[in-house]
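Colleague: let me see the structure of the following:
(2 chains)
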Amino acid sequence: EPEVTQTPSHQVTQMGQEVILRCVPISNHLYFYWYRQILGQKVEFLVSFYNNEISEKSEIFDDQFSVERPDGSNFTLKIRSTKLEDSAMYFCASTGRYEQYFGPGTRLTVT
Amino acid sequence: KNEVEQSPQNLTAQEGEFITINCSYSVGISALHWLQQHPGGGIVSLFMLSSGKKKHGRLIATINIQEKHSSLHITASHPRDSAVYICAVRSEDTGNQFYFGTGTSLTVIP
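Modeller: This is a model prediction of the structure:
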């Protein structure tokens, strides 16, 4: 069965550092998403991506965040200067015809 | 403000019981998803609905667009069903923005 993969599974970084979270969506999917889930809280939408550009973004997705599909397979989320409150699980997802397929998540810890 | 409300927040059931989890939403939607999140954190999509009813094994999902309400039912519940069940809606207005409920934590006791 096709699956969405994410790397790394866990990233620890210092406040102010840049991080790049990587995702490989399912190959024939066209819509890609990043979500975050702060520990103990609900999943929150960050951004959707279609046809090599941002389709929608939430209020959380400010200038510190960016997304890219650099090589047609990887889908990355970059946080330019991490803050303590960026500590969360970040999920990538891609959408087929009917359902979203979620990656296993990257746990980001900012110290 | 919460665009998506779920109830109950927590649910404990005996193995074999019939379970219902409810979801109400306040925005216009193009689709509603039911997701399952396991203790390890992984998220699995169970259903995507835009109308009516869907069934997969022991799981049934229904949606009433007029009432802005959806239910997830689990028949003959089993301890392996223990997880957090999340309702998420895709906004009709913004096309590709999703709003998530806070989840219902289900524990099925043998």
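
Colleague: my guess is residue B:101 meets residue B:4, correct?
Modeller: Yes - between residue B:101 and residue B:4 a contact is recorded at 4.1 Å, counting by C-beta atoms under 8 Å. Yep, even glycine has a C-beta here, placed from its N, CA and C like the rest.

Colleague: can you check which residues contact both of those two?
Modeller: B:23, B:87-88 (C-beta atoms under 8 Å, 6 or more residues apart in numbering or on different chains).

Colleague: near chain A too, which of those residues?
Modeller: Filtering the shared contacts of residue B:101 and residue B:4 for proximity to chain A by C-beta under 8 Å from any C-beta of the partner chain leaves residue B:88.

Colleague: quick revisit: and residue B:101 and residue B:4? which has more neighbours close in?
Modeller: Comparing residue B:101 with residue B:4 by other C-beta atoms under 10 Å in any protein chain shown, the one with more neighbours is residue B:101, at 26 against 23.

Colleague: near chain A, which residues of chain B?
Modeller: Going by C-beta under 8 Å from any C-beta, the residues of chain B near chain A are B:33, B:35, B:41-45, B:47-48, B:86, B:88, B:94-103.

Colleague: still on that earlier bit, and which of the shared contacts of residue B:101 and residue B:4 is nearest residue A:82?
Modeller: Here the nearest of the shared contacts of residue B:101 and residue B:4 to residue A:82, counting by C-beta to C-beta, is residue B:88; it sits at 26.2 Å.

Colleague: which residues sit against the helix or strand encompassing that closest one?
Modeller: Here residue B:88 sits within strand B:83-91, counting by DSSP states H and E. With contacts defined as C-beta under 8 Å, 6+ apart, strand B:83-91 is touched by A:42-43, B:3-4, B:6, B:21, B:23, B:25, B:27-39, B:43, B:46, B:70, B:72, B:96-101, B:103-106.

Colleague: circling back to that earlier point, now render the shared contacts of residue B:101 and residue B:4 as JSON lines, adding distance to residue A:22 and pLDDT.
Modeller: Conversion of those to JSON lines gives the following (distance: C-beta to C-beta, whole Å; pLDDT from 0 to 100):
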{"residue": "B:23", "distance to residue A:22": "32", "pLDDT": "98"}
{"residue": "B:87", "distance to residue A:22": "29", "pLDDT": "97"}
{"residue": "B:88", "distance to residue A:22": "23", "pLDDT": "95"}
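
Colleague: surely residue B:80 is within a helix?
Modeller: Yes - counting by DSSP: H, G, I helix; E, B strand; the rest coil, one finds residue B:80 located in a helix.

Colleague: count residues in the vicinity of residue A:22, would you?
Modeller: Residue A:22: 17 neighbours (other C-beta under 10 Å).

Colleague: nearest residue to it other than its sequence neighbours?
Modeller: residue A:7 (4.9 Å; C-beta to C-beta, 6 or more residues apart in numbering or on different chains).

Colleague: residue A:13 and residue A:109 touch, don't they?
Modeller: Yes - with contact defined as C-beta under 8 Å, residue A:13 reaches residue A:109; the gap is 7.4 Å.

Colleague: give me the more crowded residue out of these two.
Modeller: residue A:13 (16 against 13).

Colleague: enumerate every residue touching the more buried one.
Modeller: Contact analysis of residue A:13 by C-beta under 8 Å, 6+ apart lists A:19, A:82, A:108-111.
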